[in-house]
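Engineer: I would like to see how this sequence folds:
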Amino acid sequence: MDGGTAPQETPATTVSVKAPSRFRAWVRGNEIGLVIVACVVGVVAGLVVTAIGRAAQALHMLLFAADDGHLSSMTALASPWHAALPACGGALLGLWLFATRKRKARPLVDPIEANALHGGRMSIRDSVIVVAQNLVSNGFGASVGLEAAYTQMAGGLASRLGTAFEMRRGDLRMLVGCGAAGAIAAAFNAPLTGAFYAFELIIGTYSVVTLAPVVAAALCGTFVAQLLGAAPFLIEVGSPGPITALDYPPAILLAVLAAGLGIAIMKGVTSVERGVRGSGLPAPLRPVAGGLVVGALALVTPQVLASGHGALHLQLDLPASLSMLALVLALKALASAVSIGSGFRGGLFFASLFMGALLGNLFAAAAPWIFPHTALTPVTFAIVGMSSLAVTIVGGPMTMTFLALEMTGDFPITALALATVVTASLTARKTFGYSFATWRFHLRGENIRSAHDVGWIRNLTVGRMMRTDVRTTALGTSLKTFRRDFPLGSAQRVVVIDATGAYAGIVLVADAYSDAATDLEAKIDDLLRWRDAVLLPQMSAREAAALFDRAESEALAVVDGAKTRNVVGLLTESHTLRRYSEELDLRRREAAGEVR
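Structural biologist: Residues are numbered from 1 along each chain as shown. Presented below is the predicted three-dimensional model:
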């Protein structure tokens with residue numbers, strides 16, 4: 001974090017209606033109550049996913065004449081004019097940017113950022129905006145998925161429900177995770193995937209206390225989606241045969257290649273963004289330009305459009321030449337980078353699965369030349385590629401492992417997927433350090449590596465910890481006067497201010513009584529320490545601790561600003577570390593369920 005920066009404002013979550021006080025108390029103090037609320041969240045998430053998914057399919061059918069609503073499964077556009085539709089969607093997003101250009105820009109808070117910085121508080125208004133933008137982007141053919149809309153709306157509604165019950169910070173964060181768990185479980189018909197998506201990516205940790213609510217929400221989301229006609233997301237693996245130790249080296253090499261491709265895609269998004277900004281094109285026109293590029297790519301193959309759900313099954317079910325696989329992979333990666341980089345809203349979860357499958361199929365053709373003893377089928381390589389590329393871009397090794405299990409129902413393939421997702425995750429973490437979401441936070445200047453709760457660190461500021469009863473004296477005071485005003489033992493340190501009232505330094509009382517201080521008429525100016533080391537009220541405890549270490553001081557003055565330097569308080573290193581340790585211990589006990 002940058003020193004001296006003010007903490008970001010918490011998203012607006014004002015609740016006009018609250019649950020009855022007796023019911024609130026029962027939910028806050030009873031684990032069964034939390035599980036029941038989590039089930040409600042899961043049901044809501046299943047309804048949200050179904051409604052958004054069907055709205056997107058309706059747009060695909062209406063605009064592109066896609067028979068089954070799966071836009072990317074089309075072998076060719078019904079009309080060349082349909083290539084202009086992504087640009088039309090970009091124009092709608094551009095109109096929104098133009099209409100809101102005078103408003104103060106504020107990033108829309110997603111579930112990961114909400115749980116990391118804001119204690120699980122999300123804005124319903126933000127969630128509705130994200131859903132609308134994601135639907136326009138995906139519905140008009142931009143190369144993005146709907147996962148952002150699913151988790152945003154489900155998480156936002158869960159947060160609103162949690163604040164209605166006045167839940168504690170830890171419980172509210174967990175409930176947002178329940179919303180995301182229900183959404184992903186409903187989207188993929190995979191409750192284990194949804195649950196571990198919440199643990200790894202939204203809550204940031206696993207504990208026994210969070211297990212029952214999150215799993216309950218994931219199961220309820222899946223059941224609701226099934227009742228409403230959601231199709232199972234399954235891949236027919238046929239008869240892959242036994243997987244031996246000789247099959248692991250080629251799979252691990254594929255995982256490394258997938259990690260490299262994932263990093264290239266994430267950096268590609270950044271490169272597109274920089275290029276668009278550097279072009280001088282007005283912000284409202286940038287999605288239009290991106291839409292034109294995506295439309296041009298769709299003329300080559302419609303498989304680059306939308307998330308790629310239909311195209312994934314198309315590629316797995318029908319044979320394709322290596323040149324066609326490579327072409328679709330390159331165009332899909334380019335379309336995804338252009339879509340996100342030019343301003344379309346959406347996720348890359350399913351797009352990464354599709355591109356990973358293409359990479360796996362390509363690798364399957366080359367594997368026998370490099371590893372003649374491997375007996376892995378192309379479908380198995382496709383599953384390995386899907387899991388490895390998805391874990392690089394999205395994150396969550398166990399999430400992708402369970403997705404492989406629930407897609408195939410094959411335990412040997414799942415064990416192979418586990419080894420490869422760990423390899424890909426480790427490769428990406430050591431060479432790049434971010435998933436797509438945390439990379440975007442990094443570009444914004446946010447130091448967020450996961451959904452771990454770090455917001456309390458920002459809330460634990462110098463202004464909240466400092467003492468305001470500061471003992472001061474004026475610059476130019478004689479040693480004799482100083483000794484009269486501050487007898488030995490009356491204080492450890494005295495803050496010195498100049499004629500304008502600005503901070504000048506600190507004098508240790510012991511220094512004024514040392515053997516070297518013999519001239520009583522001398523000024524105390526020569527005894528000043530830490531003239532340039534000051535704290536600001538908005539600094540976090542972590543930033544303050546770092547400054548104490550650099551200044552090699554046990555206490556520092558707190559000033560109102562870097563220019564005025566008016567003294568407003570004093571903070572000691574021991575008090576800072578004690579408060580930080582107390583808060584850290586409280587958060588750990590909350591995560592373990594010891595504090596309720």
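Engineer: residue ranges of the helices in the stretch 301-450 of the chain, please?
Structural biologist: 309-317, 322-342, 349-370, 378-393, 397-408, 411-431, 436-444 (DSSP state H, counting those that start in this stretch).
Engineer: and of the ones you listed, who's closest to A91?
Structural biologist: Closest approach to A91 among those (CB to CB): helix 322-342, 12.1 Å. Heads up, the C-betas are built off the backbone N, CA and C, glycines and all.
Engineer: quick check: mean pLDDT across the closest one?
Structural biologist: For helix 322-342, the mean per-residue pLDDT is 94.
Engineer: sorry, back to before: most packed of the helices of the stretch 301-450 of the chain?
Structural biologist: Most buried of those by mean neighbour count (mean count of other CB atoms under 10 Å) is helix 378-393; its value is a mean of 29.
Engineer: distance from that helix to the middle of the chain?
Structural biologist: Centre-to-centre, helix 378-393 and its host chain are 22 Å apart (CA atoms, centre = their mean, to the nearest Å).
Engineer: ok so, going back, so which of the helices of the stretch 301-450 of the chain comes closest to S478?
Structural biologist: Going by CB to CB, the one of the helices of the stretch 301-450 of the chain nearest S478 is helix 436-444, 52.8 Å.
Engineer: neighbouring contacts of stretch 49-57?
Structural biologist: Stretch 49-57 has contacts (CB atoms under 8 Å, 6 or more residues apart in numbering) with 66, 69-70, 131, 134-135, 138-139, 146, 149-150, 153-154, 182-183, 186-187, 221, 224-225, 228, 230, 306.
Engineer: emit the ChimeraX select command for whichever of those residues are buried.
Structural biologist: What follows is the ChimeraX syntax selecting those of the contacts of stretch 49-57 that are buried according to 16 or more other CB atoms under 10 Å:
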select :66,69,70,131,134,135,138,139,146,149,150,153,154,182,183,186,187,221,224,225,230,306
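Engineer: which of the contacts of stretch 49-57 fall in helices?
Structural biologist: Using DSSP state H, the subset of those located in helices is 131, 134-135, 138-139, 149-150, 153-154, 182-183, 186-187, 221, 224-225.
Engineer: related to what we said a few turns ago, can you check which of the helices of the stretch 301-450 of the chain gets nearest to A557?
Structural biologist: Here helix 436-444 is closest among the helices of the stretch 301-450 of the chain (CB to CB), at 32.0 Å.
Engineer: any idea of the mean pLDDT in the closest one?
Structural biologist: pLDDT averaged over helix 436-444 gives 64.
Engineer: next: stretch 112-122.
Structural biologist: So the average pLDDT for stretch 112-122 ends up being 80.
Engineer: same check, this time on stretch 526-533
Structural biologist: So the average pLDDT for stretch 526-533 ends up being 88.
Engineer: which is the next helix or strand following the longest helix along the chain?
Structural biologist: In the chain, taking DSSP H as the definition, the longest helix is helix 31-64. Of the helices and strands lying after helix 31-64 in sequence (DSSP states H and E), the nearest is helix 85-99.
Engineer: and that next one, C-alpha only, in PDB?
Structural biologist: The C-alpha trace of helix 85-99 is given here as PDB (Å, rounded to 0.1, in the frame of the first residue of the first chain):
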ATOM      1  CA  LEU A  85     -23.600  -6.500 -33.500                       C
ATOM      2  CA  PRO A  86     -20.600  -6.500 -31.100                       C
ATOM      3  CA  ALA A  87     -20.000  -2.900 -32.100                       C
ATOM      4  CA  CYS A  88     -23.700  -2.100 -31.400                       C
ATOM      5  CA  GLY A  89     -23.300  -3.600 -28.000                       C
ATOM      6  CA  GLY A  90     -20.100  -1.500 -27.500                       C
ATOM      7  CA  ALA A  91     -22.200   1.600 -28.600                       C
ATOM      8  CA  LEU A  92     -24.700   0.900 -25.800                       C
ATOM      9  CA  LEU A  93     -21.800   0.700 -23.300                       C
ATOM     10  CA  GLY A  94     -20.400   3.800 -24.700                       C
ATOM     11  CA  LEU A  95     -23.700   5.700 -24.300                       C
ATOM     12  CA  TRP A  96     -23.600   4.700 -20.600                       C
ATOM     13  CA  LEU A  97     -20.100   6.000 -20.300                       C
ATOM     14  CA  PHE A  98     -21.100   9.200 -22.000                       C
ATOM     15  CA  ALA A  99     -24.200   9.700 -19.800                       C
END
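Engineer: and N189, how far from G221?
Structural biologist: 10 Å (CB to CB, to the nearest Å).
Engineer: ok, now R286?
Structural biologist: With CB to CB as the criterion, R286 and G221 are 35 Å apart.
Engineer: please apply the same query to T205.
Structural biologist: Taking CB to CB, one finds T205 at 21 Å from G221.
Engineer: over to A555?
Structural biologist: 53 Å.
Engineer: how many other residues sit next to F23?
Structural biologist: F23 sits with 13 neighbouring residues when counted by other CB atoms under 10 Å.
Engineer: low-confidence regions, the protein specifically.
Structural biologist: For the chain, the stretches flagged by pLDDT under 70 are 1-17, 19-20, 69, 104-106, 231-241, 313-318, 439-459, 582-596.
Engineer: three-state assignment of L570?
Structural biologist: The three-state assignment at L570 reads strand, by DSSP: H, G, I helix; E, B strand; the rest coil.
Engineer: burial of it, as a residue count?
Structural biologist: L570 has 21 neighbours, counted by other CB under 10 Å.
Engineer: now it. Nearest residue, chain neighbours left out?
Structural biologist: Once flanking residues are discounted, L570 sits nearest to V470: 4.8 Å by CB to CB, 6 or more residues apart in numbering.
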